[in-house]
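Q: how does the following fold in three dimensions:
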Amino acid sequence: MSLELTVLGLAGLLFVAQLAALSVAANLQLDTKTLLGPRDEGVRLSGLAGRLQRAFGNHLEGLVFFTLAVLLVELGGGSSGLTQACAGIYLVARLLYVPAYIFGWSPWRSLIWAVGFLATLIMLLAGLAPALG
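A: Here you go, the predicted model:
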């Protein structure tokens, strides 16, 4: 298995960990009626639960983009030192992003996000490079 696929799997485990943390925090904040109801009106979480919810949503968005990059590199046979480094940088950035969001590390949170995004973009471009000639 390529390093990029391994990192994708680890990013999937981070997704599960973030979902679990969000679920615990939301369950501590919401009443039983809301938790068991249909939530047709939506639920607005605040404090820690709200920050975990937003960090989780951001990870989901980034994970879609990263998955595309990994699939392109993997299926195109384009794994390289560059794409492996980008995958590692992406994962480290995602791991740092959670506490950065929870603790409000400003402007570091945005910089951490940008590093992960740029690593994914570079990986995507590297995967496309053979097709672009």
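
Q: please enumerate the helices of the protein.
A: Counting by DSSP state H, residue ranges of the helices within the chain are 3-29, 32-36, 47-75, 81-102, 108-132.

Q: could those be laid out in JSON lines, adding mean neighbour count and mean pLDDT?
A: Placement of C-beta: from N, CA and C, glycine included. JSON lines is the format used below for the helices of the chain (neighbours: other CB atoms under 10 Å; pLDDT from 0 to 100):
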{"stretch": "helix 3-29", "mean neighbour count": "16", "mean pLDDT": "96"}
{"stretch": "helix 32-36", "mean neighbour count": "10", "mean pLDDT": "73"}
{"stretch": "helix 47-75", "mean neighbour count": "17", "mean pLDDT": "96"}
{"stretch": "helix 81-102", "mean neighbour count": "19", "mean pLDDT": "97"}
{"stretch": "helix 108-132", "mean neighbour count": "17", "mean pLDDT": "94"}
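
Q: need the per-residue pLDDT for residue 37.
A: For residue 37, the pLDDT comes out at 71.

Q: near it, how many other residues are there?
A: Using other CB atoms under 10 Å, residue 37 is surrounded by 12 other residues.

Q: now do the contacts for it.
A: Residue 37 makes contact with no residue, according to CB atoms under 8 Å, 6 or more residues apart in numbering.

Q: ok, it to residue 27 distance?
A: According to CB to CB, to the nearest Å, residue 37 stands 14 Å off from residue 27.

Q: what sits against residue 4?
A: Here residue 4 is in contact with 70, 73, 74, 79, 83, 84, 87, 123 (CB under 8 Å, 6+ apart).

Q: kind regards, and thank you for your time.
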